[in-house]
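Asker: predicted model, plus sequence, below.
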Amino acid sequence: MVEGLREHLVAYFEAHHRLVESGALQLLLSQTHPLLVSRDLVEQPANGSPVVTVEMVERALALRAPAIPSTRAVTAELRDVARPGDVRREIPFELLREGFEGPPVGADALAAYSTLFQSRYRALARLMRGRPELANLRPVSALRAGDGPTSVIGLVREVRTTAKRHHLVLTLDDDTGSVEVLVPQDSPAAAASFLTDEVVGVRLQLPRESGRLPRVLAVERPEVPVARSVGRSGRRRRAVFLSDLHIGSRSFLAESWGQLVDFLRGDGPHADVAEEVDHVVVAGDLVDGIGVYPQQERDLAIADVVEQYAELGRRLRELPARLSIVVVPGNHDAVCPAEPQPALPDALRAALPPNVHSLANPSTFALHGVVVEAYHGRSFDDLIPAIPGASYSRPTDVMRRMLQMRHLAPIYGDRTPLAPLPRDGLVVDPAPDILVTGHVHTYGADRYRGVLLLNASTWQAETEYQRMRNISPVPARAAVVDLSTLDLTTLDFSSGEPVRLGAAG
Ligand SMILES: [Fe+2]
Ligand SMILES: [Fe+2]
């Protein structure tokens, strides 16, 4: 039995306290963006029925695209509730969702950001509601001094430390108001740091009389479920994960890239592995761009950004045309830097071969039923300084935290610009099978609750700018993942012929 996207969708509805009819699920799976429509459905009030029906899906589809009539006949057996394990045809590539869903609406930036944070709060609060750890859950406005243990879910607006005892004071916001709560510095609740703009659930001891702060007894994060549905391919197919090509830079590692091309063409050693590769994923910074940092022109071999994408197209055409190539932009690419970033504009996309899926940053897609969340990783620049003990050399520690928060870039107002879109496209839902990032130009692999965390390697050698900032890259590694098991093989192309570094992670 092959588990795949179908299981992920059933689990997605379960996580949002809904069951889905078989026919409704089939209809969803026949859509190009099944997750977008599914999210519309979980965002609708349940109207007393926990079951998602074919009619509900049809209605959601009609709202998204009024021009497309539905001619699907509904038969009795389609009304069965979908169960994990129902057989489904395995599809090599399916786009599930792009983080960027159209430009911001309205001219009032403050209102737009407020809508963004409401969307974040609702999406993450939905994942935590109903947990026994958050018993007696109340809106902030309903907290009363003298009540027994109570829980709230809030967006962390501010974290400060008290002057004398160094306790933490959090300001938590929900739809109804704002509350300050105290986290004693030696309590288990203070074990993991709090990041501004993340969403947490807290169990509170309310004060006997008003005027004192509620005390946090325990913290709950959105998290990845311990037992979750997983996607695996039915037969052994592989995907190669790369990042940060920086085409156009003088430091692009053309020789290592040549070796990678030879490998994927099946020339030389590891031809048995190459033969099973169907997909190549590139997690952003496809080109070096122009004007990204001071005096970048000194580091450029191609000073024109359009020419850089033409060269990217030539490089990607060197790979076998049978491969599907998925690319998302990064902060060096020629799209708006605010996240979520849209996919490359058509004029630049035109330079790339037809086997390229050019997607937004981040994007969620399934490779042979294995759900991949690809995010470039600009937020490492904010998360690493904010998380005690985090370091550029161990990006997967930060990726674990992203999964615990179920958010890729929570912090607002620092180095990662956030686009004020009506929906927060940086929320991680569903939990993927593979989370891939780049940006930090190192290489890392780890696992967290069954999710494979990959920080894919760069194809750019160290630049003057990186030397200055004390970043030593780990370039020219290909992460080759067996999609039937999620086993990882790392191939190192940094010194000629590929060297197999073993099944790390
Ligand atoms: Fe980069
Ligand atoms: Fe980057």
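Answerer: In hand now; what should we look at? Numbering: from 1, shown residues only. Ligands and ions are numbered 1, 2, ... in the order given.
Asker: tell me who's in contact with the residue in the chain positioned nearest to ligand 2.
Answerer: Ligand 2 sits closest to His439 of the chain, with a gap of 3.8 Å, by C-beta to the ion. (Each C-beta comes from the backbone N, C-alpha and C, glycine too.) Going by C-beta atoms under 8 Å, 6 or more residues apart in numbering, His439 touches Ser243, Asp244, Ala283, Gly284, Asp285, Gly330, Asn331, His376, Gly377, Arg378, Phe380, Asp381.
Asker: and the pLDDT for the last one?
Answerer: Per-residue confidence (pLDDT) for Asp381: 95.
Asker: leaving out sequence neighbours, find the closest residue to it.
Answerer: Nearest non-adjacent residue to Asp381, counting by C-beta to C-beta, 6 or more residues apart in numbering: Arg415, 4.5 Å away.
Asker: which element is His357 on?
Answerer: Assigned by DSSP states H and E, His357 falls within strand 356-358.
Asker: near ligand 2, which residues of the stretch 351-500 of the chain?
Answerer: Taking C-beta under 5 Å from the ion as the contact definition, the stretch 351-500 of the chain meets ligand 2 at His439.
Asker: now Glu318. Its backbone dihedrals?
Answerer: Glu318 has phi and psi values of phi -70, psi -20 when expressed as degrees, to the nearest 10.
Asker: quick check: it vs Asp267, distance?
Answerer: According to C-beta to C-beta, to the nearest Å, Glu318 stands 12 Å off from Asp267.
Asker: so which of these two has more stuff around it?
Answerer: Glu318 (14 against 11; other C-beta atoms under 10 Å).
Asker: so who does the more buried one touch?
Answerer: Contacts here follow C-beta under 8 Å, 6+ apart; on that basis Glu318 touches Val261.
Asker: kindly report the same for Glu373.
Answerer: Pro362, Ser363, Thr364, Leu408, Val428, Pro432, Ile434, Leu435, Val436.
Asker: looks to me like the third one is in a strand.
Answerer: Yes. Secondary structure assignment (DSSP: H, G, I helix; E, B strand; the rest coil) places Thr364 inside a strand.
Asker: list the buried residues in stretch 328-338.
Answerer: Val328, Pro329, Gly330, Asn331, His332, Asp333, Ala334, Val335, Pro337, Ala338 (16 or more other C-beta atoms under 10 Å).
Asker: save these as TSV, and put in pLDDT too.
Answerer: Formatted as TSV, these follow (pLDDT from 0 to 100):
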residue	pLDDT
Val328	98
Pro329	98
Gly330	98
Asn331	97
His332	97
Asp333	98
Ala334	97
Val335	96
Pro337	94
Ala338	95
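Asker: take these and keep only those in strands.
Answerer: Among the buried residues of stretch 328-338, DSSP state E puts none in strands.
Asker: packing partners for the lengthiest strand in the chain?
Answerer: Using DSSP E to define each element, the chain has its longest strand at strand 150-161. Identification of packing neighbours for strand 150-161 by 3 or more C-beta pairs under 8 Å, 6 or more residues apart in numbering; DSSP states H and E yields helix 109-128, strand 168-174, strand 177-183, strand 199-205.
Asker: give me the distance from that strand to the chain's centre.
Answerer: Averaging C-alpha positions (C-alpha atoms, centre = their mean, to the nearest Å) puts strand 150-161 23 Å from its chain's average.
Asker: same deal with stretch 376-396?
Answerer: Chain-centre distance of stretch 376-396: 15 Å, with C-alpha atoms, centre = their mean.
Asker: now do the end-to-end distance for that stretch.
Answerer: 13 Å (C-alpha to C-alpha, to the nearest Å).
Asker: equivalent analysis for stretch 480-493, please.
Answerer: 13 Å.
Asker: for burial, what's the neighbour tally of the residue in the stretch 1-150 of the chain that ligand 1 sits nearest to?
Answerer: In the stretch 1-150 of the chain, the residue that lies nearest ligand 1 is Gly99 (18.6 Å; C-beta to the ion). Look at Gly99: counted by other C-beta under 10 Å, it has 27 neighbours.
Asker: mind listing what's buried in the helix or strand where Leu316 lies?
Answerer: Applying DSSP H and E as the criterion places Leu316 in helix 305-317. For helix 305-317, burial by neighbour count (16+ other C-beta under 10 Å) applies to Val305, Gln308, Tyr309, Ala310, Glu311, Leu312, Gly313, Arg315, Leu316.
Asker: need those in CSV with distance to ligand 1 and pLDDT, can you?
Answerer: Output for the buried residues of helix 305-317, formatted as CSV (distance: C-beta to the ion, whole Å; pLDDT from 0 to 100):
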residue, distance to ligand 1, pLDDT
Val305, 15, 97
Gln308, 13, 98
Tyr309, 16, 98
Ala310, 20, 98
Glu311, 16, 98
Leu312, 14, 98
Gly313, 19, 98
Arg315, 16, 98
Leu316, 17, 98
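Asker: farthest-separated two in these?
Answerer: Based on C-beta to C-beta, the longest span within those runs between Val305 and Leu316 and measures 16.6 Å.
Asker: what's the nearest residue to His16 once chain neighbours are set aside sitting at in phi/psi?
Answerer: Nearest non-adjacent residue to His16, counting by C-beta to C-beta, 6+ apart: Val42, 3.9 Å away. For Val42, the backbone dihedrals (degrees, to the nearest 10) come out as phi -70, psi -20.
Asker: neighbours of Val42, how many?
Answerer: Residues near Val42, counting by other C-beta under 10 Å: 17.
Asker: so who does the residue nearest to Leu319 when sequence neighbours are not counted touch?
Answerer: Nearest non-adjacent residue to Leu319, counting by C-beta to C-beta, 6+ apart: Leu264, 5.5 Å away. For Leu264, the contacting residues are Val240, Ala274, Val277, Val280, Leu319, Pro320, Leu323, by C-beta under 8 Å, 6+ apart.
Asker: now do the contacts for the fourth one.
Answerer: Put plainly, it is Val280. If you count contacts by C-beta under 8 Å, 6+ apart, then Val280 has Ala239, Val240, Phe241, Leu242, Leu264, Leu319, Leu323, Ser324, Ile325, Val326 around it.
Asker: okay, and which of these map to helices?
Answerer: Leu264 (DSSP state H).
Asker: can you redo the contacts of Val280 as TSV with distance to Ala456 and pLDDT?
Answerer: Formatted as TSV, the contacts of Val280 follow (distance: C-beta to C-beta, whole Å; pLDDT from 0 to 100):
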residue	distance to Ala456	pLDDT
Ala239	11	98
Val240	9	98
Phe241	4	98
Leu242	5	98
Leu264	15	98
Leu319	16	98
Leu323	16	97
Ser324	17	97
Ile325	14	98
Val326	12	98
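Asker: between the contacts of Val280, which has the most around it?
Answerer: For the contacts of Val280, neighbours were counted using other C-beta under 10 Å, and Phe241 has the most, 28 neighbours in all.
Asker: my read is that that residue contacts Leu483, right?
Answerer: No. The pair Phe241 / Leu483 is not scored as a contact, 11.5 Å apart, by C-beta atoms under 8 Å.
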